[in-house]
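Colleague: Sequence and computational prediction follow.
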Amino acid sequence: MACQRDVIYWYDGTFEGFLCCVFESYANREIPWDIWYYATRQSSLFPGVDVQTDMVRAQRVLKSIREKLGQRVYYMVVRGFLNGDEGKEIRLLRFLRLMYDKGPQAAYQTGAPEVADVVQLARAVANEACQFKQFIRFEEREGMLGAVISPKHYVLPLLRTHFCDRMPNEDFLIYDNQHYVALVRRGEDVHYTRFQGGYLMSSPEEREHTYQRLWKAFYDALAIEERRNEKLRMQHCPKRFWENMTELKDLA
């Protein structure tokens with residue numbers, strides 16, 4: 001039987017590191033007060049435990065989740081971890097402990113606080129990814145398509161399949177300027193690249209500027225001034241997306 005302890009787990013911020021925190025929790029038969037990653041290290045009244053990332057332990061936990069708890073729980077945990085909110089780790093840990101105690105069917109008990117928390121985390125990531133599938137605007141740069149996004153959550157893994165399937169013959173790059181990571185596709189190779197300190201995309205060529213002016217003129221021509229409703233527009237397309245949208249960046 002696990003007991004709640006006034007201790008903080010410190011980890012490296014990776015998914016594998018979080019899985020090692022799950023391993024640590026079971027090995028010590030305890031539930032920590034919270035889980036923090038090193039980049040946010042701060043003083044605390046509670047003692048801390050440095051949880052080292054061990055790939056063998058992480059793979060054991062991951063295999064256990066997939067085989068014992070099923071794909072639904074696995075996807076809930078993975079998507080929940082992509083969420084950018086503080087405190088996601090302890091909520092995911094409590095959720096997993098409930099799943100192991102009661103079985104994978106407990107994932108449908110959305111009235112339970114542990115389940116409701118993770119449903120909320122995963123849904124926020126999925127909803128934001130869905131928005132970016134609509135609002136991403138690509139520009140031609142140096143022979144490939146490029147786009148910049150500013151997401152609250154780490155949504156690139158949820159955009160990968162969508163854009164690879166939608167543009168099977170195009171090389172492209174989607175740069176997440178909040179997490180300093182780019183999704184890059186060149187031919188059959190698709191990978192993520194991390195940029196320390198950010199990445200500055202090259203300026204579009206004149207032909208691209210021409211296309212952008214044509215698209216902006218088309219967008220403006222379709223507008224009906226008498227039916228303009230700024231509140232409704234922001235409801236369907238939140239203003240935080242505008243700075244990276246060709247037709248709206250001048251209004252951002």
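Modeller: Everything's here; your move.
Colleague: which helix is the longest one in the protein?
Modeller: Criterion DSSP state H: the longest helix present in the chain is helix 113-135.
Colleague: Now that one: buried residues?
Modeller: 114-115, 117-119, 121-122, 124-126, 128-129, 131-132, 135 (16 or more other Cβ atoms under 10 Å). The C-beta positions use only the backbone N, C-alpha and C, and glycine is treated the same way.
Colleague: nearest to Thr193, of those?
Modeller: Distance to Thr193 across these (Cβ to Cβ) is lowest for Phe132, with 18.3 Å.
Colleague: so that closest one touches Pro151, yeah?
Modeller: Yes - Phe132 is within contact range of Pro151, at 6.6 Å (criterion: Cβ atoms under 8 Å).
Colleague: Check which helices and strands the following helix or strand past the longest helix of the chain is in contact with.
Modeller: Remark: after helix 113-135, the chain's next helix or strand is strand 139-141, criterion DSSP states H and E. Applying 3 or more Cβ pairs under 8 Å, 6 or more residues apart in numbering; DSSP states H and E, one finds that strand 139-141 contacts strand 144-149, helix 206-222.
Colleague: rerun that using 6 Å as the cut-off
Modeller: When contacts are defined as 3 or more Cβ pairs under 6 Å, 6 or more residues apart in numbering; DSSP states H and E, strand 139-141 packs onto no helix or strand at all.
Colleague: how near is the residue positioned nearest the centre of the chain to Phe132?
Modeller: Nearest to the geometric centre of the chain sits Tyr154, at 2.1 Å (Cα atoms, centre = their mean). Separation of Tyr154 from Phe132 (Cβ to Cβ, to the nearest Å): 12 Å.
Colleague: Kindly report the same for Thr161.
Modeller: Counting by Cβ to Cβ - Thr161 and Phe132 are separated by 13 Å.
Colleague: Quick one: residues contacting Ala112.
Modeller: By Cβ atoms under 6 Å, 6 or more residues apart in numbering, the contact set of Ala112 is empty.
Colleague: All set now, cheers.
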